[in-house]
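K.L.:
sequence first, predicted model second:
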Amino acid sequence: MKKLRLALDWTPNINHIGFFVSLENNFYEELGIDLEIVNPLNDNYSITPAKKIELNIVEFALCPTETLISYHTKKNKLNLIGIAAILKKDLSAIVVTEDSKINSPKDLDGKSYSSFNARYEDHIIRQMVINDGGKGNVKFLYPDKLGIWDTIIKNNSNSTWIFMNWEGIQASELEIGFRYFKMEDYMIPYSYSPVIVCNRDDLNVIEYANSFIKASRKGFIYSFENKKESLEILKKYIPDYEKNINLEKCYDLSISSMNYGRNWGEFDIEKVQTFLDWIKYNKIEKKVIKVNDIITNDYI
């Protein structure tokens, strides 16, 4: 058995359902993989998923496309490659409370945003505000990553970036009203998140990439065909403080944005290229990145 580790991009949630289903049903084991799923709660998100690959803590990680761009523009770059996309459509949004009087992104001028401190994140938010007619004068806050959602609920920050199929469902069940701004509505051709990534130069990992993707795909397809059982599996891994979330609503919102077939995880190359072009055009990144350097469909 080959010992492999996958670092999650967030605490266990609906985007990860296929991994846990595969783990519980021994789909990885059937292909000779002993998989450990690494929860960011273990270190309070002190080390990012991609950094865990760099430090040889894990072999695979989940992260947004921007992380791949970032690692390919560093002086001592790590040859990270995206090998599968979990969602085929962007389910993220910027969230504000209804009583904040922030009616569109331009109203974020002079307001606060709780940032995950990712390399391009603040630039993207500024550009969203500018695209809506604002100046981009946002006050960026950097709280503990796992406490970011609480800064909105407790009114310690005006805005942040969430997944509609997780925090968005939590928000809908609170007495607080919320308002959401999607990237695509403000001329931002956002790419894939989360993406399964690994080190292309680590041949010991690449050797098992096909098997890892095959087993993961099987879990996601199984979750599509066996909703109730799969949600019960996922529920076992969700943090105690999120146990009351309506998993059925999370599932129903996610299902149309996930690929459930032989093309599970496949990237639309043109979509990624459009995002790269947008990043370059808006001078968020000066270096030219080739799309084939950061993603591949070879392991699908």
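P.N.:
Looks like it came in fine. Numbering: from 1, shown residues only.
K.L.:
geometric centre of the protein: which residue is closest?
P.N.:
Nearest to the mean C-alpha position of the chain, by C-alpha atoms, centre = their mean, lies residue 194 at 3.2 Å.
K.L.:
okay, that residue: pLDDT?
P.N.:
You'll see residue 194 listed with a pLDDT of 98.
K.L.:
same thing with residue 120?
P.N.:
97.
K.L.:
do residue 56 as well
P.N.:
pLDDT at residue 56 comes out at 97.
K.L.:
show me what the lengthiest helix in the chain is packed up against.
P.N.:
Using DSSP state H to define each element, the chain has its longest helix at helix 203-225. In terms of contacts (3 or more C-beta pairs under 8 Å, 6 or more residues apart in numbering; DSSP states H and E), helix 203-225 is packed against strand 2-7, helix 17-24, helix 27-30, strand 33-38, strand 80-85, strand 195-199. Bear in mind the C-beta positions are built from the backbone N, C-alpha and C, glycine included.
K.L.:
can you pull out the residues in contact with it?
P.N.:
Helix 203-225 is contacted by residues 2, 4, 17-23, 25, 27-28, 30-33, 35, 59-60, 83-84, 196, 198-200, 230, 255, 258-261, 264-265, 299-300 when judged by C-beta atoms under 8 Å, 6 or more residues apart in numbering.
K.L.:
and the angle for it with strand 195-199?
P.N.:
If you take axes from the mean of the first three to the mean of the last three C-alpha atoms, to 10 degrees, helix 203-225 sits at 160 degrees to strand 195-199.
K.L.:
shift numbering so it begins at 19
P.N.:
Sure, I'll start counting at 19 from here, so that last one is helix 221-243.
K.L.:
quick one: mean pLDDT over the very next helix or strand once past helix 221-243.
P.N.:
Downstream of helix 221-243, the first helix or strand assigned by DSSP states H and E is helix 245-253. Throughout helix 245-253, pLDDT has a mean value of 98.
K.L.:
now the element after helix 245-253, going C-ward?
P.N.:
helix 265-273.
K.L.:
report pLDDT for residue 278.
P.N.:
pLDDT, read off for residue 278, is 77.
K.L.:
and the one 10 residues further on, by the same measure?
P.N.:
For residue 288, the pLDDT comes out at 98.
K.L.:
for the one 3 residues further on, same thing?
P.N.:
Confidence at residue 291, expressed as pLDDT, is 98.
K.L.:
in which helix or strand does it reside?
P.N.:
Going by DSSP H and E, residue 291 is part of helix 287-299.
K.L.:
can you tell me what sits against that helix?
P.N.:
With C-beta under 8 Å, 6+ apart as the contact definition, helix 287-299 has outside contacts at 83, 87, 138, 206-210, 303-304, 306-307, 309, 312-313, 315.
K.L.:
buried stuff in stretch 122-129?
P.N.:
122-127, 129 (16 or more other C-beta atoms under 10 Å).
K.L.:
for those, give me CSV that also has distance to residue 297, pLDDT and secondary structure.
P.N.:
Formatted as CSV, the buried residues of stretch 122-129 follow (distance: C-beta to C-beta, whole Å; pLDDT from 0 to 100; DSSP: H, G, I helix; E, B strand; the rest coil):
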residue, distance to residue 297, pLDDT, secondary structure
122, 23, 98, coil
123, 18, 99, helix
124, 21, 99, helix
125, 25, 99, helix
126, 20, 99, helix
127, 23, 99, coil
129, 24, 98, coil
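K.L.:
from those, which is closest to residue 265?
P.N.:
residue 123 (30.4 Å; C-beta to C-beta).
K.L.:
name the nearest residue to that closest one, ignoring sequence neighbours.
P.N.:
residue 150 (4.1 Å; C-beta to C-beta, 6 or more residues apart in numbering).
K.L.:
also residue 108?
P.N.:
What sits nearest to residue 108 in space, not counting adjacent residues and going by C-beta to C-beta, 6+ apart, is residue 208, at 5.0 Å.
K.L.:
equivalent analysis for residue 59, please.
P.N.:
residue 29 (5.6 Å).
K.L.:
tell me the secondary structure for the residue nearest to residue 300 when sequence neighbours are not counted?
P.N.:
If you skip the residues right next to it in sequence, residue 300 has residue 145 as its closest partner in space, 5.5 Å away by C-beta to C-beta, 6+ apart. Secondary structure, DSSP: H, G, I helix; E, B strand; the rest coil: residue 145 is helix.
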